[in-house]
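okay, predicted coordinates and the sequence, questions at the end:
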Amino acid sequence: MREFKRTDRVADQLQKELAVLIQREIKDPRLGMVTVSGVEVSRDLGYADVHVTLLGEDTPEQIKENLKVLKQAAGFLRSQIAKRIKLRHVPELRFHYDESVVRGQRLSSLIQDAVASDRSRQGDEDDDASGEQAGENDPGSNSGRD
């Protein structure tokens with residue numbers, strides 16, 4: 001059995017080409033810093049779902065505007081891909097916003113906050129416990145050893 005399917009190879013190549021094309025060829029000032037995070041190609045190579053993330057732009061209006069620009073540039077991008085990749089039929093490009101990066105950052109910050117909270121709580125408990133143990137471990141007190 002093959003190690004990689006053809007759709008996976010096409011998706012990988014599309015991701016690389018689209019990342020370069022979006023960065024260098026699209027001159028629309030409304031378009032922010034776009035990263036192509038993944039591409040999924042249908043089995044018949046008719047469609048390619050392009051997942052993008054936007055650096056520093058996370059309001060719904062900005063996301064919507066950037067996706068609108070990419071959708072308008074889809075024909076241009078498709079024609080440029082046709083020149084760069086040898087395919088009988090270049091898939092139709094459909095752009096989607098990828099929330100996984102933003103969600104991952106949010107979860108990471110929540111985890112860091114929880115760890116910091118546990119450390120500060122653990123530090124308070126250690127301070128209380130060491131104060132109580134100091135009286136028990138006093139060399140002058142009788143600890144039950146005779």
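In hand now; what should we look at?

now stretch 112-125: buried residues?
In terms of neighbour count (16 or more other C-beta atoms under 10 Å), stretch 112-125 has no buried residues at all. Placement of C-beta: from N, CA and C, glycine included.

below-threshold pLDDT in the chain: ranges please.
1-4, 57, 126-146 (pLDDT under 70).

pretty sure Arg43 contacts Thr7?
Yes: counting by C-beta atoms under 8 Å, Arg43 touches Thr7, with 6.2 Å between them.

who has more neighbours out of these two?
Between Arg43 and Thr7, counting by other C-beta atoms under 10 Å, Thr7 is the more crowded of the two (17 against 9).

ok, that one - contacts?
Thr7 sits next to Val41, Ser42, Arg43, Leu45 when contact means C-beta atoms under 8 Å, 6 or more residues apart in numbering.

what secondary structure does the residue nearest the centre of the chain sit in?
Nearest to the mean C-alpha position of the chain, counting by C-alpha atoms, centre = their mean, stands Val101 at 2.3 Å. Under DSSP: H, G, I helix; E, B strand; the rest coil, Val101 falls in the helix class.

ok, and the closest non-adjacent residue to it?
Distances taken as C-beta to C-beta, 6 or more residues apart in numbering place Thr53 nearest to Val101, at 4.8 Å, with adjacent residues excluded.

now the helices for the chain?
6-24, 60-72, 74-84, 100-136 (DSSP state H).

counting neighbours, what do you get for Val90?
When neighbours are defined as other C-beta under 10 Å, Val90 has 20 of them.
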